[in-house]
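1. This is a predicted model, with the sequence first.
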Amino acid sequence: QVQLVESGGGLVQAGGSLRLSCAVSGAIFSINDMRWYCQAPGKQRELVASITSGGRTNYADSVKGRFTISRDNAKNTVYLQMNSLKPEDTAVYYCNAEIKRILTMPWIEYWGRGTQVTVSS
């Protein structure tokens, strides 16, 4: 069974930093794109950052210059380094990945359960 497990969330003051991690476990063949989403109370889930298997990255305008997404393919893990945090970054952060469990299967999106990030002013 494939699982995505996030860690690294917590409470931090404005201007501070956090590093989120998301590890993929279970028997898999390959991981394609990996992404971080966030969902604030009363709002829709939105894409924060993405990274391809080759390392190409993309960011939401609101986090450009402050957040950095990276991945360790040997560890099947994606990271989100969050610097200069603002109160408006407060949300649950979810990891998402496109995974093939075996070569002949299609790419399937999997989600983690989320980790809370709270930024106090």
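-> Arrived safely, thanks for sending. Numbers count the residues shown, from 1 in each chain.
2. for stretch 83-98, which positions count as buried?
-> Buried residues in stretch 83-98, counted by 16 or more other CB atoms under 10 Å: Leu85, Asp89, Thr90, Ala91, Val92, Tyr93, Tyr94, Cys95, Asn96, Ala97, Glu98. C-betas here are computed from N, CA, C, even on glycine.
3. scratch that, stretch 62-81 is what I was asking about
-> Here stretch 62-81 shows Val63, Phe67, Thr68, Ile69, Arg71, Asn76, Thr77, Val78, Tyr79, Leu80 as buried, counting by 16+ other CB under 10 Å.
4. now for these, which pair is the farthest apart?
-> Distances among the buried residues of stretch 62-81 were taken as CB to CB; the most separated pair is Val63 and Asn76, at 23.5 Å.
5. how close does Val117 get to Ile31?
-> Using CB to CB, to the nearest Å, we find Val117 at a distance of 23 Å from Ile31.
6. er, Met82 I mean
-> Met82 sits 22 Å away from Ile31, going by CB to CB.
7. Gly54 too?
-> Look at Gly54 and Ile31: by CB to CB, they are 12 Å apart.
8. ok so, going back, from the buried residues of stretch 83-98, which ones fall inside strands?
-> Using DSSP state E, Ala91, Val92, Tyr93, Tyr94, Cys95, Asn96, Ala97, Glu98 are the members of the buried residues of stretch 83-98 that sit in strands.
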